[in-house]
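Trainee: Below is the sequence, then the predicted model.
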Amino acid sequence: ILNVEQSPQSLHVQEGDSTNFTCSFPSSNFYALHWYRWETAKSPEALFVMTLNGDEKKKGRISATLNTKEGYSYLYIKGSQPEDSATYLCAFRANDYKLSFGAGTTVTVRA
Amino acid sequence: ETGVTQSPTHLIKTRGQQVTLRCSSQSGHNTVSWYQQALGQGPQFIFQYYREEENGRGNFPPRFSGLQFPNYSSELNVNALELDDSALYLCASSLGGLAGDNEQFFGPGTRLTVL
C-alpha cells in the first residue's frame, strides 16, 4: 500500500482569497500524479494528470505544480469562489500503474 | 457523449449476503476501474478491467470479483458480505488499460450498507 498524504485535511477560505494545499507521495517509481475535484453529491472530476518533474498545469483559477524528486505536488486556487468548495483528491500512479489516492483536502469557501 | 453511470444508488444488505453493483462506462472507453471509499479515507483501488480481462488488482480478497462486458459496461460482485464492506463504491472509465495515463471519468458511486 503506497502512502499518499494530503494536508491539510480541511481548510476554510474567505471568498476572494487564494489558497494552496499539498499532496505528498513516494519519490520512487513515479509514473503520474492525478488531481481530482469532488463536489458534494457529484462525481469526482479530473483536474490534472501530471507526469513530468517540474510540470505546471492550469485550469482557470486552479493550478498545480509537481516535484517528483522530493515527492510532492501543490494545488493552488487563486481568488477562491464559493463554487470552489469541494474535496480535492490527489492520486499517485507508480510503475505498477495502480492509482493510490490520498484522503483529500476539503475546501470550504465562505462568502 | 454520455457520462459514467452506476446502479443502484444506495443498497442495504446483511452480513453474509452477496451483492452486484453495475457501471456503464463513458462512450468509447475500454477500461473500467473500481474503487472502495470508506468513511474518512481516499478511494482504494479494487481492480481494473481492460477489454473484458482483469489486468490489475489491489489488496482485496477474492470474494471481490468483477466482469466487463463487450459493450464495456462492468459489474462488481462481493460475496459473503462483511460489516467492513460498508462503503461508497466508485467506478471510473478511461482509455488505454493500466498503462494509459489518461484521466479517469468517475460515476456517482453506489453507497453500500452492510448490517
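Mentor: It's in.
Trainee: low-confidence ranges in chain A?
Mentor: A:1 (pLDDT under 70).
Trainee: which parts of it sit against chain B?
Mentor: A:1, A:4, A:6, A:31-32, A:34, A:36, A:41-46, A:49, A:51, A:89, A:91, A:93, A:96-104 (CB under 8 Å from any CB of the partner chain). C-beta coordinates here come from the backbone N, C-alpha and C atoms, glycine included.
Trainee: what residues are up against A:D55?
Mentor: A:T65, A:L66 (CB atoms under 8 Å, 6 or more residues apart in numbering or on different chains).
Trainee: Recalculate using a threshold of 6 Å.
Mentor: Contact analysis of A:D55 by CB atoms under 6 Å, 6 or more residues apart in numbering or on different chains lists A:L66.
Trainee: quick one on the thing from earlier: just the buried residues from the residues of chain A next to chain B, in ChimeraX please.
Mentor: Burial among the residues of chain A next to chain B is assessed by 16 or more other CB atoms under 10 Å in any protein chain shown; the matching ChimeraX selection reads:
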select /A:4,6,31,32,34,36,43,44,46,49,89,91,93,97,98,99,100,101,102,103,104
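Trainee: For beta bridges, what are the partners of the closest residue to B:Q68 other than its chain neighbours?
Mentor: Leaving aside its chain neighbours, B:Q68 sits nearest to B:Y49 (3.7 Å; criterion: CB to CB, 6 or more residues apart in numbering or on different chains). Assessed by DSSP bridges, B:Y49 has beta-bridge partners B:V32, B:E54.
Trainee: pLDDT at B:Y49, what is it?
Mentor: Confidence at B:Y49, expressed as pLDDT, is 92.
Trainee: Likewise for B:L88?
Mentor: 97.
Trainee: hang on, it packs against B:R111?
Mentor: Yes. Applying CB atoms under 6 Å, one finds B:L88 in contact with B:R111, separated by 5.4 Å.
Trainee: so where do the strands sit in the chain?
Mentor: As the question left the chain open, I've gone with chain A. Remark: strands assigned in chain A by DSSP state E are A:5-7, A:10-14, A:19-24, A:30-38, A:45-50, A:56-59, A:62-67, A:72-77, A:86-94, A:99-101, A:105-110.
Trainee: my bad, chain B
Mentor: Going by DSSP E, chain B shows strands at B:5-7, B:10-13, B:19-24, B:31-37, B:44-50, B:53-57, B:64-68, B:74-78, B:87-94, B:105-106, B:110-114.
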